[in-house]
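Q: return a 3D structure for these sequence lines:
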Amino acid sequence: VMTAEGLSRRALLASLAGLGACGAHQSPALRSSLLASPHESTIDALAGRYVRGAEPGMAVAVLKDGEAVQLSSYGLADLRTGRSIDLETRFHLGSVGKQWTALAVLTLVQDGTMALDAPLADYLPALRLLHPRVTVRHALTHMSGLGSYYPGEDDAGDRILREIVAARGGDRAEDSDVAEALGRLAPRTAPSAQWAYSNPAYEALGAAIASVSGTSFDAFMLNRLLPALGMQDAFLAGDAAREARSDVARGHVLPDGSSRQPHRFLAVDPATDPTRYFYDRLSGSGRVYASMRDMLAYERAWTAGLPFLDPELIAEMRTPVVDPENGLPIDIGAGMDYGFGLEIADPTSPPARSNPHVASILERTGRIESHVGGWPGFSSMYARFVDRGVTVVMLMARDLLPDDLSATWGRPGWLLAFDTDRLEAA
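A: Numbering: from 1, shown residues only. Presented below is the predicted three-dimensional model:
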């Protein structure tokens, strides 16, 4: 979430592509193999691109047909204490959590209390004046045209949000502030006119979930959705005492201009970091902390077909948004499409077929459904190789860095990081 999200969405995918260039000298220290498999060397090389020595670290899992075939951790959960990473270590997952916002919306659609093509203003009346035609579907697919209140995206919007928070005597933004702020911001475009990644649109969905369910977003997620997915370790950001517990990874950043020596990483304090503190209670764009054990449970739920949801609604989530003028899937970048909280790379999609590099990758891997996430001090990736029955999860207790990147590869080039034939056979 925040402007760092744009970096992590693109940089993480691009950087994984450079895996083949990693030599043995980059193998990470402080490695712990929780479940070994024949492709340990592939995962070790991937981790070696990010974690070198006693640095803030990561957990990696590879699953086949919903069951783990590789579980490894590298580096540290907290540089200050030297804590290592295990299956129960919670990480902030950033925009990977958009999948769960989408599933929460679909749960309410199944209940009959929301509708995908209903105006979002039906659930958030503050949007009626300036955004009467924006639907729930528009928000889910980043086609809403809504404005932004994040600094760097719209500084005027940021001032409006801070005025709203100050007027109620608060010092941090809450879900209840979202609709009022968006209701005072002119749209960037008309609905469906342009695809544009929008955290505020998903935060509006989070506010709508609270409004429709008659409870808070936190309560709906913790009492209904996350238990249905088997995610028992998960909790929501914004509680500094909970985030300080020993089973939670600390986010780590490097100051601008710093070199990559481990001692230069700084831990992010959720209670004092101005970005974390002001924005981290805005829900729908990604507020979930989860462990690798949670992610294994989530993948098992997908493998079982998400039995609490109608299959037609699951199919909606996995269907790419289309251009209303030609009915074709919209290329969101490097031949990828977007569903509900899912980035989709499909070998049959016109955007993918029109990009020779992407097409050659997808001939080998088949369809990919994924998302990446970023929040100050954290990066994450969840990628499902649908046609292969393989899923890869990576959770990191640190930001991506400029020297993590491999700028010579296209955005979905990270698919080459995995020998999918070998993973499929594992």
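Q: quick check: phi and psi on Met114?
A: Phi and psi for Met114, reported as degrees, to the nearest 10, are phi -130, psi 160.
Q: use 275 as the first number from now on
A: Understood, numbering begins at 275; the last thing we discussed is Met388.
Q: what number of residues lie near it?
A: Look at Met388: counted by other C-beta atoms under 10 Å, it has 23 neighbours. No exception for glycine: its C-beta is placed from N, CA and C like everyone else's.
Q: is it true that it touches Val379?
A: Yes: with contact defined as C-beta atoms under 8 Å, Met388 reaches Val379; the gap is 6.2 Å.
Q: so what sits against both of these two?
A: Counting by C-beta atoms under 8 Å, 6 or more residues apart in numbering, the residues touching both Met388 and Val379 are Val410, Ala482.
Q: per-residue confidence for Leu304?
A: With respect to pLDDT, Leu304 has a value of 50.
Q: who's Phe365 bridged to?
A: For Phe365, the beta-bridge partners are Ala564 (DSSP bridges).
Q: separation between it and Ser565?
A: Phe365 sits 7 Å away from Ser565, going by C-beta to C-beta, to the nearest Å.
Q: neighbour count winner among those two?
A: Using other C-beta under 10 Å as the criterion, Phe365 and Ser565 rank with Phe365 on top: 31 against 24.
Q: list the contacts of that one.
A: By C-beta under 8 Å, 6+ apart, the neighbours of Phe365 are Ala333, Ala523, Tyr563, Ala564, Ser565, Phe652, Ser654, Leu669, Met670, Ala671.
Q: dump those residues to TSV, plus pLDDT and distance to Ala589.
A: Below are the contacts of Phe365 laid out as TSV (pLDDT from 0 to 100; distance: C-beta to C-beta, whole Å):
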residue	pLDDT	distance to Ala589
Ala333	92	31
Ala523	96	35
Tyr563	97	29
Ala564	98	25
Ser565	97	29
Phe652	93	31
Ser654	90	26
Leu669	94	28
Met670	92	31
Ala671	94	35
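Q: out of these, who's nearest Ala575?
A: Using C-beta to C-beta, Ala564 comes nearest to Ala575 of the contacts of Phe365, at 12.9 Å.
Q: next, count neighbours for the closest one.
A: By the criterion of other C-beta under 10 Å, Ala564 has 27 neighbours.
Q: list phi and psi for the residue nearest the centre of the chain.
A: Nearest residue to the geometric centre of the chain (C-alpha atoms, centre = their mean): Val370, 2.0 Å. Note on Val370: backbone dihedrals following degrees, to the nearest 10 are phi -50, psi -30.
Q: any idea how far the closest residue to it other than its chain neighbours is from Leu367?
A: Distances taken as C-beta to C-beta, 6 or more residues apart in numbering place Gly647 nearest to Val370, at 3.9 Å, with adjacent residues excluded. Distance of Gly647 to Leu367, given as C-beta to C-beta: 5 Å.
Q: shared neighbours, those two?
A: Gly560, Ser654.
Q: is it true that Arg357 touches Asp521?
A: No: using C-beta under 8 Å, Arg357 is not in contact with Asp521, being 9.2 Å away.
Q: the two - which one has more neighbours?
A: Between Arg357 and Asp521, Arg357 has the larger neighbour count (other C-beta under 10 Å), namely 18 against 14.
Q: in contact with the more buried one, which residues?
A: Here Arg357 is in contact with Leu350, Ala351, Ser520 (C-beta under 8 Å, 6+ apart).
Q: and what of Ala671?
A: 330-332, 349-352, 359, 365, 523-526, 651-652 are the contacts of Ala671 under C-beta under 8 Å, 6+ apart.
Q: cool, and Ser628?
A: By C-beta under 8 Å, 6+ apart, the neighbours of Ser628 are Asp605, Gly609.
Q: got phi/psi on it?
A: The phi/psi pair for Ser628 (degrees, to the nearest 10) reads phi -80, psi -10.
Q: quick one: the residue lying closest to Ala578 once chain neighbours are set aside from Ala493, how far?
A: Of all residues not flanking Ala578 in the chain, Gly340 sits nearest, at 7.4 Å (C-beta to C-beta, 6+ apart). Using C-beta to C-beta, Gly340 is found at 29 Å from Ala493.
Q: more neighbours, these two?
A: Using other C-beta under 10 Å, the more surrounded residue of Gly340 and Ala493 is Gly340, with 16 against 13.
Q: settle this for me: that one is touching Gly579, isn't it.
A: No: the criterion here is C-beta under 8 Å, and Gly340 misses it with Gly579 at 10.5 Å.
Q: what segments of the stretch 575-700 of the chain are strands?
A: 611-612, 617-619, 642-649, 652-659, 664-670 (DSSP state E, counting those that start in this stretch).
Q: could you dump these into TSV with mean neighbour count and distance to Met417 added?
A: Below are the strands of the stretch 575-700 of the chain laid out as TSV (neighbours: other C-beta atoms under 10 Å; distance: least, C-beta to C-beta, whole Å):
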stretch	mean neighbour count	distance to Met417
strand 611-612	24	9
strand 617-619	24	15
strand 642-649	26	17
strand 652-659	26	23
strand 664-670	26	27
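Q: among those strands, which comes closest to Leu583?
A: Using C-beta to C-beta, the strands of the stretch 575-700 of the chain put strand 642-649 closest to Leu583, at 15.6 Å.
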